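Participant: how would this look folded up:
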Amino acid sequence: SSSSTSDFFSQQPWYAWVEHVVVILGAAYVVRKITKGGILNNITRLTIDAAQVLPGAKQMLEKEQREAIKSVQAGIFEGLEPDENILEEIPDEGLPADKVMEILEFWRSKEEGFRTGKSFGGIYTDYKDVEEVEKKALSMYCDSNGLYPTTFPGLRKMEAEIVRMACSLLHGDKDSCGTMTSGGTESILCAMKTYRDRANIEFGVTKPEMIVPETAHAAFIKGSHYFGIKVVYADTGSDSRVNLAKVKKLINRNTVMVVGSAPSFPHGVIDDIEGLAEILKDHPQAGLHVDACLGGFILPWLQQLGHLKKNFDFAIPRVTSISADLHKYGFAPKGASVVLYKNSSYRKHQYFSYCHWSGGLYCSPALQGSRGGGPTAGAWAVFAHMGKNGFHESTSHYHRAYSTIVAGVDSIEGIRTVGRPEACTIAYTSDTLDIYKVADAMLERGWTVNRLQKPRCINIQVGSRRNFDADAYVEALRESVVAVRENPENYEGGMAGVYGLANTLAEANATAPLQDILAGYMDALYFTSPPQ
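Facilitator: This is a model prediction of the structure:
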């Protein structure tokens, strides 16, 4: 039999063996691609890909996309009465001041969810005395420009003092420093630019990479597109914290920064920053950035009040930068954040200067050129007015509400928290119910909730708001869970279906249809009237 086998092999022409090898390798490749990331996910993705090239299926998919886009765009205007004051051209004759104010007040009156405490809208306090001081400062400096520090010396002073107060609060030493920015995204982008340039200039890195947890803010992904930094994802464990063992395997000579969240935007969980610091001790080319945009101005107060024991900031020597939003728990006007550095040897790589412009020497500390002074003045005024005692009081108020909701979720049969929430955000899911239907049931009761994915869950950001009733929220959640359990068919439509499909497509990495729908949503933000 061995001779017959050898005869068979010897009778095959060489090109036939090449064909066999190609087929085998091709089959192996297909199997690997299908099984990688889950068979069902990849079948979904392949189905979507096929639908985009098959004539009939492609038309059907495009029709569904158009309907989804129409639905999303219509939702922007849902519940709003016809607008009689649409301006699509500058009016020939200016409107009287009282008429302008009347129009503005009309639209502010439409913010019912925010006014009743059932929708946060990214606003973290409603303390009237703080609002009054903030608004006066904002108005006083509304015509100033941070680009001209000698023209507006008071504005420069306030910005410098805000950075120093932030460094002090986050355990920076005398060498710590930073800049103000317009918000968390700009702070994150500035840090990314800093680490890319630092690694290139000081360590010769030409193919920069950054390691980010799957739960890190999407601004890091945006920045990767802007700055050409490769994103390397580190998965998270069952506790929703970044997997340290994975980070250790992923880091290499091209890693210019590693990110940890304090806390994560989706789940309110603080990554193990001390563990990340330990991993990075032998990688000097890589910075350790803590994204505390959400928690930067609440976690230190929680530490001082004894509600948080772990370190997350410059108290850990290997931390080299922190992003922290003043306009969240710092209660500043929108458009105020800081990015802080261990010392100026890092910060200098954030700066931009150009010496060959015909307009003269040009330099800017962050991404913006002209910077309205109002948010800076408002932020400084809030810090000066509240003091540590005021922040301790507001943090205690926040913590009572936060603890009430965590305990409430724990007490409701059928739902559970995602990880163990520590600050700012509380996320919860269900192993037996469609959690997106629970979200629709909450919306039915007047509460705005955020629908998340990977895993499917919903969350709430808790601020220090006197008009927010945590007990009422828990009771509405309890009622919603019961309603979905007893009558799930009542929630077949609505946003549950939209987010369910979106989550399925995202998990399957078949996001092209979703991106078109999101583009349609953003288009609608610039419609002056409802789509026809």
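
Participant: Centre-most residue in the chain?
Facilitator: Geometric centre of the chain, nearest residue: His217, 3.6 Å, by Cα atoms, centre = their mean.

Participant: Ignoring the adjacent residues along the chain, who's closest to it?
Facilitator: Spatial nearest neighbour of His217, chain neighbours left out: Phe265 (5.4 Å); criterion: Cβ to Cβ, 6 or more residues apart in numbering. C-beta here means a position set from N, CA and C on the backbone, and glycine is covered the same way.

Participant: OK, contacts around the one you found?
Facilitator: Thr215, His217, Cys293, Leu294, Thr425 (Cβ atoms under 8 Å, 6 or more residues apart in numbering).

Participant: In TSV: the residues you listed, plus secondary structure.
Facilitator: Listed next are the contacts of Phe265 as TSV, based on DSSP: H, G, I helix; E, B strand; the rest coil:
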residue	secondary structure
Thr215	coil
His217	coil
Cys293	coil
Leu294	coil
Thr425	strand
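
Participant: can you tell me the average pLDDT over the helix or strand Met180 falls within?
Facilitator: Secondary structure from DSSP states H and E places Met180 in strand 177-181. Over the span of strand 177-181, the pLDDT mean works out to 98.

Participant: when you give positions from now on, start the count at 843
Facilitator: Noted, 843 is the first residue going forward, which turns the last one into strand 1019-1023.

Participant: Just the buried positions in the following helix or strand past it, please.
Facilitator: For strand 1019-1023, the following helix or strand on the C-terminal side (DSSP H and E) is helix 1026-1045. Using 16 or more other Cβ atoms under 10 Å as the test for burial, helix 1026-1045 gives 1026-1042.

Participant: And stretch 1077-1087, by the same measure?
Facilitator: Buried, per 16+ other Cβ under 10 Å, within stretch 1077-1087: Thr1078, Ser1082, Arg1083, Val1084, Asn1085, Leu1086.

Participant: what pLDDT, on average, does that stretch get?
Facilitator: So the average pLDDT for stretch 1077-1087 ends up being 95.

Participant: residues in contact with that stretch?
Facilitator: In contact with stretch 1077-1087 (Cβ under 8 Å, 6+ apart) are residues 1055-1057, 1076, 1088, 1102-1103, 1106, 1108-1109, 1111-1114, 1117-1118, 1121, 1260-1262.

Participant: Apply 7 Å and report the result again.
Facilitator: 1055-1057, 1076, 1088, 1102, 1106, 1109, 1111, 1113-1114, 1117-1118, 1121, 1260-1262 (Cβ atoms under 7 Å, 6 or more residues apart in numbering).

Participant: Stretch 1172-1179 now?
Facilitator: For stretch 1172-1179, using Cβ under 7 Å, 6+ apart, the contacting residues are 966-967, 972, 976, 980, 1022-1026, 1028-1029, 1135, 1139, 1165-1169, 1216-1218, 1220-1221, 1224.

Participant: Between the two ends of it, what distance do you get?
Facilitator: For stretch 1172-1179, the separation between the terminal residues is 9 Å (Cα to Cα, to the nearest Å).

Participant: which stretches of this structure form strands?
Facilitator: 1019-1023, 1051-1055, 1072-1076, 1097-1103, 1129-1133, 1163-1167, 1179-1183, 1194-1196, 1204-1206, 1258-1259, 1267-1271, 1292-1294, 1299-1303 (DSSP state E).

Participant: want to throw those into TSV with mean neighbour count and distance to Arg957?
Facilitator: Below are the strands of the chain laid out as TSV (neighbours: other Cβ atoms under 10 Å; distance: least, Cβ to Cβ, whole Å):
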stretch	mean neighbour count	distance to Arg957
strand 1019-1023	24	29
strand 1051-1055	25	35
strand 1072-1076	17	39
strand 1097-1103	27	31
strand 1129-1133	28	31
strand 1163-1167	29	23
strand 1179-1183	29	26
strand 1194-1196	11	41
strand 1204-1206	13	38
strand 1258-1259	18	29
strand 1267-1271	23	22
strand 1292-1294	20	19
strand 1299-1303	23	17
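
Participant: Flag the shaky bits of the chain, pLDDT-wise.
Facilitator: Applying pLDDT under 70 to the chain flags the ranges 843-899, 1335-1352.

Participant: if you count residues, which helix in it comes out on top?
Facilitator: helix 1216-1253 (DSSP state H).

Participant: What's opposite the nearest residue to Pro1207 once chain neighbours are set aside in the beta bridge?
Facilitator: Among residues not flanking Pro1207 along the chain, Thr1021 sits closest, at 4.6 Å (Cβ to Cβ, 6+ apart). Beta-bridge pairing of Thr1021 under DSSP bridges involves Val1181.
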